[in-house]
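only geometry, no sequence info:
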């Protein structure tokens with residue numbers, strides 16, 4: 001995480017890149033949502049915070065499902081534990097949603113957790129599968145895109 005001005009924002013840097021464009025683009029979109037949350041905190045706008053939180057959760061769950069399907073198709077040995085990490089994160093974020101919906105101000109705490117979690121997850125968990133399965137994943141992506149005219153990606157991101 002890097003400082004941008006006075007607000008903590010995540011700035012995409014090359015050390016976050018997996019080298020798999022579709023995954024990197026999804027990660028960048030998640031970074032955008034986290035930065036939108038920071039903007040909503042600065043206003044402050046509770047409705048905007050809730051909207052960003054809902055969109056972030058929806059998009060992140062689609063990303064997780066997409067990433068897990070690629071790992072499974074590539075035969076990644078640690079796909080199941082990786083899915084478990086995603087599941088723990090989803091439970092954690094659902095608790096933040098519950099707290100927000102009950103009126104608690106969780107925005108700053110959530111923003112800090114998201115930024116730290118995402119960067120650590122990319123650098124630790126995601127980079128762990130890249131070296132082993134990158135070629136296979138790229139082949140899976142290309143094959144699925146050819147067979148379904150790219151529509152299979154849209155199935156994850158409605």
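Cool, got the structure. Remember, it's a predicted structure, so these values are computed and weren't measured experimentally.

Quick check: which element contains residue 12?
In this assignment (DSSP states H and E), residue 12 forms part of neither any helix nor any strand.

what's it in contact with, if anything?
Counting by Cβ atoms under 8 Å, 6 or more residues apart in numbering, residue 12 touches 27, 28, 31. (Each C-beta comes from the backbone N, C-alpha and C, glycine too.)

Strands along this structure, start to end?
Secondary structure of the chain (DSSP state E): strands at 2-4, 7-9.

Which of those strands comes out lowest on mean pLDDT?
Note on the strands of the chain: strand 2-4 shows the lowest mean pLDDT, a mean of 39.

Throw the contacts of residue 12 into a markdown table and include distance to residue 121, neighbour count and pLDDT, thanks.
What follows is those, written out as a markdown table (distance: Cβ to Cβ, whole Å; neighbours: other Cβ atoms under 10 Å; pLDDT from 0 to 100):
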| residue | distance to residue 121 | neighbour count | pLDDT |
| --- | --- | --- | --- |
| 27 | 9 | 22 | 93 |
| 28 | 14 | 13 | 94 |
| 31 | 12 | 21 | 93 |
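
ok, so of those residues, who is nearest residue 66?
Proximity of the contacts of residue 12 to residue 66 (Cβ to Cβ) peaks at residue 27, which lies at 11.4 Å.

Touching, that closest one and residue 118? I think so.
Yes - here residue 27 lies in contact with residue 118, judged by Cβ atoms under 8 Å, at a distance of 7.5 Å.
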